[in-house]
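*Asks:* output the structure for:
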Amino acid sequence: MFDKFTKLKDKKKINQLRNTDSVIIENDFTKRYTVKTKNLLIQSKDKSIDMELLSSYHQMLGVGEETLVAEIKLNDWKNKDNLFYELGFYDRKNWNKKDKQFIFKWCEEKTIQIELPADFPKQARGDKMFEKIIGDWDNATEFTKLSELPHKNIRIGIFTETILDEKIEWLPTINGFDIYEWAAYDVTAIHEFEHDTANGDWNSLLMIDTTHFILAYTGDNQDGTIKTFSINGSYTISQIDVLIHDATNDCIRNSLSKIDSTHFVLAYTGTGNIGLVKTFSIDGSYDNIAEIDVLQQDVIGQYNSVVVIDTTHFILAYTGDNQDGYIKTFSIDGSYDNITLVNSLEHDTVAASQNSLVMINSTHFILSYAVSSGNTKGTIKTFSIDGSYVISQIDSFEHTSTADYENSLLMIDTTHFILAYRGDDGDGYIKTFSIDGSYDNIAEIDVLEYDVAGAAHPSVGKIDSTHFIVAFQHSGGHAYIETFSIDESYDNITEITSLDHDTLNYANSIVVIDNTHCILAYYGPNWDGFIKTFNIAGPTSIKSINGLAYASVKSKNGLAIASIKNINGLA
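*Replies:* Numbers count the residues shown, from 1 in each chain. Have a look, this model is predicted:
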């Protein structure tokens, strides 16, 4: 037993086992472990078992009497009737063995359709590549012996009671081999602030300061809505004020930008897909949201991405008439009134959508967008403005020729950028890019396909210069947040942790508050509007908050995510 504790406590050794293909021979049995698929094959002359771990190495789970703590694909077996010889649960806080009861369940697999963007070509929607296979755990069956299973190549779940603040390593033993490659789970708490019980779509969330936030979203009856919120020292969320600024019932594709601590500019799509820009004010108490001015800037204005340049100018990338790509500069007066078009550049005459615009400095900008003609091609461009705010294109780089949807671009520093987007097969991708000192020569540095089961509606935030966080919709509609790292050369993008924090998710907008906390607005279950705060901390220092959790985290090294906010009423 002491030897098991010693090995389980050796994190470096465990990580090495999980990242190294291995073959071990003991007592006439051979154990093979394949890292890429997390496949385990144990066999002798007359016995064998072949299975793979489908769930992550490190999970964050909710409190429950019967919680799914691990998911396994049992591919094949021969002359065996027990899945494991032993399954031990070990407390990672004081390293004693826990007396925990558990059960096994099996389920069939089901095929789900990946949600596709509204403008995805109709002729391609039925393609098999947009289908994903998941376990049908809602209809699972308990079993004890392998002979009870209806067939091979089947999903197996381990279920046990989970208790708040547990940190457990589960260790199976098979034919004399302790399977140290598998796995661990923590139990933490998650609560959400449901700020709108009717609708909460097309979110654009901004931080005013570290305790106050402003959100533009599409509310009840598709009305254009602005809200302000506060958080206290415990990151508990409260709503301050709400303004329905457009009740024409068709307000979508919001993009909000901060002029100063009491003034903001919003670009959005109105009735008939018209392009609108508005300015707003709040008072010194973050209350009394008021509209100042509005301008219909184009007859078509979709996929808006607006950025404030200075206190009297802002720049907008959008999809205009004939689906062409436009960038415009606008001015406002010293009272944040009288929105006026300054300059317009039609930078793409083919088809441009999925815009995400970032300001490098007050005269240079970088844009990620999709050229939606035939195959949807992902493109990055840099632009400059002169002293009169006239726009010029500097460089253009096609980073993918297959699929690019729902871009979220972020600046790491003035010559490096990170992009989260939905790519081939609806999968989740992250890329890093560089430009030179003249804002030219855009180049791709690295790419990571971080979710092969489908990742929609990504929103990326910067924790520090080498760590990032992405909120997205996972396969089956679940709400996920994942953290990633890069090295000092902006290379080697690595997934660190992944949190499944809700059962339905659209329209993510994430903001990093500080290097240990972030806040997320999204469209959740029953199509309601939710805001959550999360803690980002080392996996051994996650603090639990009273309440129930319904989440799943996988952790490889580094950061872990836990939600730490409390419900504070409904809006």
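*Asks:* how does this structure divide up, domain by domain?
*Replies:* Using automatic domain parsing, the domain parsing of the chain gives 2-187, 193-514+521-563.
*Asks:* helices along the stretch 401-550 of the chain, start to end?
*Replies:* In the stretch 401-550 of the chain, no segments count as helices under DSSP state H, counting those that start in this stretch.
*Asks:* low-confidence stretches in it?
*Replies:* Judged by pLDDT under 70, the stretch 401-550 of the chain has its weakly predicted residues at 537-550.
*Asks:* for the nearest residue to residue 421 once chain neighbours are set aside, give me its contacts.
*Replies:* Closest residue to residue 421 apart from its sequence neighbours, by C-beta to C-beta, 6 or more residues apart in numbering: residue 407 at 4.8 Å. Quick note: C-beta positions are derived from backbone N, CA and C, even for glycine. Residue 407 makes contact with 354-356, 368-370, 378, 419-421, according to C-beta atoms under 8 Å, 6 or more residues apart in numbering.
*Asks:* how near is residue 407 to residue 430?
*Replies:* Here the distance between residue 407 and residue 430 works out to 11 Å (C-beta to C-beta, to the nearest Å).
*Asks:* common neighbours of those two, please.
*Replies:* The overlap between the contact sets of residue 407 and residue 430 (C-beta under 8 Å, 6+ apart) consists of 419-420.
*Asks:* what about residue 361, how many residues nearby?
*Replies:* 11 (other C-beta atoms under 10 Å).
*Asks:* got it, and the one 4 residues further on?
*Replies:* For residue 365, the count of nearby residues is 23 (other C-beta under 10 Å).
*Asks:* give the next helix or strand downstream of the host helix or strand of it.
*Replies:* When secondary structure is defined using DSSP states H and E, the element that contains residue 365 is strand 364-372. Moving toward the C-terminus from strand 364-372, the next helix or strand (DSSP H and E) is strand 376-385.
*Asks:* sheet partners, orientation included, of that following strand?
*Replies:* When sheet partners are counted by DSSP bridges, strand 376-385 sits next to strand 364-372 (antiparallel), strand 391-400 (antiparallel).
*Asks:* any idea how far that strand is from the middle of the chain?
*Replies:* When distances are taken as C-alpha atoms, centre = their mean, to the nearest Å, strand 376-385 is centred 23 Å away from the chain's centroid.
*Asks:* the residue minimising distance to the centre of the chain bridge partners, please.
*Replies:* When the chain is reduced to its mean C-alpha position, the closest residue under C-alpha atoms, centre = their mean turns out to be residue 471, at 2.2 Å. Residues found in beta-bridge contact with residue 471 (criterion: DSSP bridges) are residue 459, residue 481.
*Asks:* show me what contacts it?
*Replies:* Counting by C-beta under 8 Å, 6+ apart, residue 471 makes contact with 457-459, 461, 479-481, 508-510, 520, 522.
*Asks:* look up how far residue 299 lies from it.
*Replies:* Computed as C-beta to C-beta, the residue 471 to residue 299 distance reads 33 Å.
*Asks:* what number of residues lie near residue 140?
*Replies:* Residue 140 is surrounded by 18 other residues when neighbours are defined as other C-beta under 10 Å.
*Asks:* tell me where the stretch 51-200 of the chain has helices.
*Replies:* Counting by DSSP H, counting those that start in this stretch, one finds no helices in the stretch 51-200 of the chain.
*Asks:* show me what the nearest residue to residue 102 once chain neighbours are set aside bridges to in the sheet.
*Replies:* Leaving aside its sequence neighbours, residue 102 sits nearest to residue 160 (C-beta to C-beta, 6+ apart; 4.2 Å). Per DSSP bridges, residues listed as beta-bridge partners of residue 160: residue 67, residue 102.
*Asks:* the one 10 residues further on too?
*Replies:* The partner list for residue 170 in beta bridges (DSSP bridges) reads residue 89.
*Asks:* thinking it is in contact with residue 89, fair?
*Replies:* Yes - under the contact definition of C-beta atoms under 8 Å, residue 170 touches residue 89, with a separation of 5.3 Å.
*Asks:* between these two, who's got more neighbours?
*Replies:* Neighbour count, other C-beta under 10 Å: between residue 170 and residue 89, residue 170 has more, with 21 against 18.
*Asks:* burial count for residue 513?
*Replies:* Here the count is done by other C-beta under 10 Å, and residue 513 has 19 residues near it.
*Asks:* doesn't residue 519 make contact with it?
*Replies:* Yes - in this structure residue 513 lies within contact range of residue 519 using C-beta under 8 Å: 5.9 Å.
*Asks:* what is in contact with these two at once?
*Replies:* Listed as contacting both residue 513 and residue 519 by C-beta under 8 Å, 6+ apart are 207, 231, 533.
*Asks:* what about the last one, neighbour count?
*Replies:* In other words, residue 533. Each residue near residue 533 was counted by other C-beta under 10 Å, and the total is 23.
*Asks:* mind checking how far it is from residue 224?
*Replies:* Distance, residue 533 to residue 224, using C-beta to C-beta: 25 Å.
*Asks:* just the first one next, same as before
*Replies:* In this structure, residue 207 lies at 21 Å from residue 224, with C-beta to C-beta as the measure.
*Asks:* more neighbours: these two, which one.
*Replies:* residue 224 (27 against 15).
*Asks:* next, count neighbours for residue 150.
*Replies:* Other residues near residue 150 come to 9 when the count uses other C-beta under 10 Å.
*Asks:* so what's it up against?
*Replies:* For residue 150, the contacting residues are residue 106, taking C-beta under 8 Å, 6+ apart as the criterion.
*Asks:* and what of the one 3 residues further on?
*Replies:* The neighbours of residue 153, taking C-beta under 8 Å, 6+ apart as the test, are 73-76.
*Asks:* buried ones among these?
*Replies:* The neighbour-count test (16 or more other C-beta atoms under 10 Å) marks 73-74 as buried among the contacts of residue 153.
*Asks:* check contacts around residue 270.
*Replies:* Residue 270 sits next to 224, 246, 248, 250-251, 276, 296 when contact means C-beta under 8 Å, 6+ apart.
*Asks:* that older thread, quick check, nearest of the contacts of residue 153 to residue 332?
*Replies:* Proximity of the contacts of residue 153 to residue 332, judged by C-beta to C-beta, is greatest for residue 73, which lies at 57.9 Å.
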